[in-house]
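> Task: produce atomic coordinates for the following.
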Amino acid sequence: MSLLLTGIGSLVTNDPARGELLGEVRDAALVIEGSKVAWVGSRRDAPAADSALDLGGRAVIPGFVDSHAHLVFAGDRAEEFAARMTGTPYSAGGIRTTVAATRQATDEVLTANVARLVTEMRRQGTTTVEIKSGYGLTVADEARALQIAGQFTEETTYLGAHVVPAEFADDPAGYVALVTGPMLEASSPYAKWVDVFVERGAFDEDQARAILTAGQGKGLQARVHANQLGEGPGVQLACSVGAAAADHCTYLTDADIDALASTGVVAGLLPAVEFSTRSPYPDARRLLDAGVTVALATDCNPGSGYSSSMPLCVALAVREMHMTPAEAIWSATAGGAASLRRTDVGRLVPGARADLAVLDAPSYIHLAYRPGVPLVTRTFVGGRPV
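Sure thing, here's the model as predicted:
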């Protein structure tokens, strides 16, 4: 069965063949055949289809690709947030609070929480989401987190190296041995990616390299939490091991930016974290002007940024990180797809998966122009409304 979406006031395709950054088509139409895009073009040239839906001049964008999220957890850290708002600085130590709650939670509780958050994301136009483990930090809990995540996405990330848990506080080397040994063995069948938090209070460069190398040896692709709390080795490590992405990138040297640009490692920027922690925002303009590929993602998690909203990230990127509306939309869609090494999502071209969001607005610009307004009226995943 085919479906013709017509009456599209502005269609963002992210097709470079159509010119400019977004490949925008005005007064457009799009045909969905099964789960894929079959045709894109001007409304007046649209072919016939089995059924049609007139969108009444609304804008259509590719579904958001949220390339960094921590959804498998229990509890929340609202009091920690309130403390930050009264001046307590953010540190990585709060992760252990969520670890304790997650270990105690049943599979049913964890699964229901992921389902709730993914539903929130769908309502806001997110059609692809990466989900990390990292709040179990035992062999059994990391494996079950990834099994739960796999019910919702194929983009599952093993993050046994989130922090060193309390029981290994006096033996971090022993914990690295666990992460690279039995925990990896149990988790790798359920993961596509391996990640590590390279930061003071988490893992140093040598530990992180050992963890990433071990994961790659099991066929997992690398991504890195890098340079969130200060300058450090995370970005350079990501570039040296061939990681797909270095995420956070809040504190960068010129050498870090040069490395990202020359290697093609995607810089994942997570502005909802800076919003929630009152930390400095990354300078996206500096990265873009150097030719670095930038992705925007939520980093949805109960501690440093408990937002599932990619529209919020777009608005913050424009207002606080010196991105244009077009750059922010591209980074939240095609940029996220690049971070996940995907070519079938993040764009609306023939053959791509029919993942898209319909906005109750004439243009994608309204996502930044009208922050906080629920503009996504329909979300299609694989050609089906959700």
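
> Going by C-alpha atoms from here, please, whenever you check contacts or count neighbours.
Fine.

> how about low-confidence regions in the stretch 1-150 of the chain?
Scanning the stretch 1-150 of the chain with the threshold set as pLDDT under 70 gives 91-93.

> Now for Leu316, how many residues are close by?
Here the neighbour count serves as a burial measure; for Leu316 (other C-alpha atoms under 10 Å) it reads 22.

> tally of neighbours for Asp54?
12.

> residues contacting it?
With C-alpha atoms under 8 Å, 6 or more residues apart in numbering as the criterion, the residues that contact Asp54 are 5-8.

> same question, Pro233
Residues touching Pro233, when contacts are defined by C-alpha under 8 Å, 6+ apart, comprise 198, 205, 226-227.

> what's the closest of these to Val265?
Ala226 (11.9 Å; C-alpha to C-alpha).

> Setting aside sequence neighbours, what's the nearest residue to that closest one?
Gly234 (4.3 Å; C-alpha to C-alpha, 6 or more residues apart in numbering).

> Give me the buried positions along stretch 187-204.
Neighbour-count burial for stretch 187-204, counted by 16 or more other C-alpha atoms under 10 Å, picks out 187-188, 190-199, 202-204.

> swap that for stretch 36-49, sorry
Residues 36-43, 46 are the ones in stretch 36-49 that count as buried (16+ other C-alpha under 10 Å).

> now stretch 235-245
Buried residues in stretch 235-245, counting neighbours by 16+ other C-alpha under 10 Å, are found at 235-239, 243-245.

> helices and strands around the biggest helix by length in the chain, which ones?
Scanning the chain for the longest helix, with DSSP state H as the assignment, gives helix 107-123. Here helix 107-123 is seen to pack against helix 139-149, strand 376-381 when contacts are counted using 3 or more C-alpha pairs under 8 Å, 6 or more residues apart in numbering; DSSP states H and E.

> Now with 7 Å, please.
The helices and strands touching helix 107-123, judged by 3 or more C-alpha pairs under 7 Å, 6 or more residues apart in numbering; DSSP states H and E, are strand 376-381.

> And the helices in the stretch 251-386 of the chain, which stretches?
Listed in chain order, the helices found in the stretch 251-386 of the chain under DSSP state H, counting those that start in this stretch are 254-263, 271-277, 284-289, 310-320, 325-339, 366-369.

> Same check on the stretch 101-250 of the chain?
Shown for the stretch 101-250 of the chain, the helices assigned by DSSP H, counting those that start in this stretch span residues 107-123, 139-149, 172-180, 182-187, 205-217, 234-240.

> could I get the ones you listed as CSV with distance to Ala284?
Compiled in CSV, the helices of the stretch 101-250 of the chain are given as follows (distance: least, C-alpha to C-alpha, whole Å):
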stretch, distance to Ala284
helix 107-123, 24
helix 139-149, 30
helix 172-180, 33
helix 182-187, 34
helix 205-217, 25
helix 234-240, 15
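
> which one of these lies closest to Thr156?
helix 139-149 (6.4 Å).

> thinking again about what came up before, which residues touch the longest helix of the chain?
Where contact means C-alpha atoms under 7 Å, 6 or more residues apart in numbering, the residues beyond helix 107-123 that reach it are 71-74, 148, 308-309, 376, 379.

> tell me the angle that helix makes with strand 376-381.
The directions of helix 107-123 and strand 376-381 differ by 120 degrees, with axes from the mean of the first three to the mean of the last three C-alpha atoms, to 10 degrees as the criterion.

> Distance from the chain centre to helix 107-123, please.
16 Å (C-alpha atoms, centre = their mean, to the nearest Å).

> cool, and stretch 293-307?
Between the mean C-alpha location of stretch 293-307 and the chain-wide mean there is a distance of 7 Å, by C-alpha atoms, centre = their mean.

> still on that earlier bit, among the helices of the stretch 101-250 of the chain, which is nearest Cys300?
The closest approach between Cys300 and any of those, judged by C-alpha to C-alpha, belongs to helix 107-123 at 8.9 Å.

> Check the helices of the stretch 251-386 of the chain for me and report the most buried one.
Between these, helix 325-339 has the highest mean count of neighbours, a mean of 27, where neighbours are mean count of other C-alpha atoms under 10 Å.

> What is that helix packed up against?
In terms of contacts (3+ C-alpha pairs under 7 Å, 6+ apart), helix 325-339 is packed against strand 64-66, strand 294-296, helix 310-320.

> for the longest one, what is the average pLDDT?
Pointing back at helix 310-320 there. Regarding helix 310-320, the rounded mean pLDDT is 98.

> That one - contacts with which helices or strands?
With contacts defined as 3+ C-alpha pairs under 7 Å, 6+ apart, the packing partners of helix 310-320 are helix 271-277, helix 325-339, helix 366-369.

> Of all the ones you listed, which one is nearest Leu260?
Checked against C-alpha to C-alpha, the stretch from the helices and strands packed on helix 310-320 lying closest is helix 325-339, at 12.5 Å.

> Go ahead and name everything in contact with that closest one.
Residues contacting helix 325-339 (C-alpha under 7 Å, 6+ apart): 14, 22, 62-67, 244-245, 266, 293-297, 314, 317-318, 343, 345-347, 365, 368.

> 8 Å - rerun?
By C-alpha under 8 Å, 6+ apart, the residues outside helix 325-339 that reach it are 14, 21-22, 62-67, 244-245, 265-268, 293-297, 310, 314, 317-318, 343, 345-347, 364-365, 368.

> Tell me the buried residues within the residues you listed.
Burial of those was assessed by neighbour count (16+ other C-alpha under 10 Å); the buried members are 14, 21-22, 62-67, 244-245, 265-268, 293-297, 310, 314, 317-318, 345-347, 364-365, 368.

> Tell me which two of the contacts of Pro233 sit farthest apart.
Glu205 and Asn227 (11.7 Å).

> In terms of neighbours, single out the busier of these two.
The residue with more neighbours, out of Glu205 and Asn227, is Asn227; 25 against 17, by other C-alpha under 10 Å.

> Now for the more buried one: which residues touch it?
When contacts are counted by C-alpha under 8 Å, 6+ apart, Asn227 is found next to 198-199, 233-235, 248-252.

> quick one: the residue nearest to Ala210 when sequence neighbours are not counted from Glu20, how far?
Counting by C-alpha to C-alpha, 6+ apart, Thr180 is the residue found nearest to Ala210 once chain neighbours are left out, at 7.5 Å. According to C-alpha to C-alpha, to the nearest Å, Thr180 and Glu20 sit 44 Å apart.
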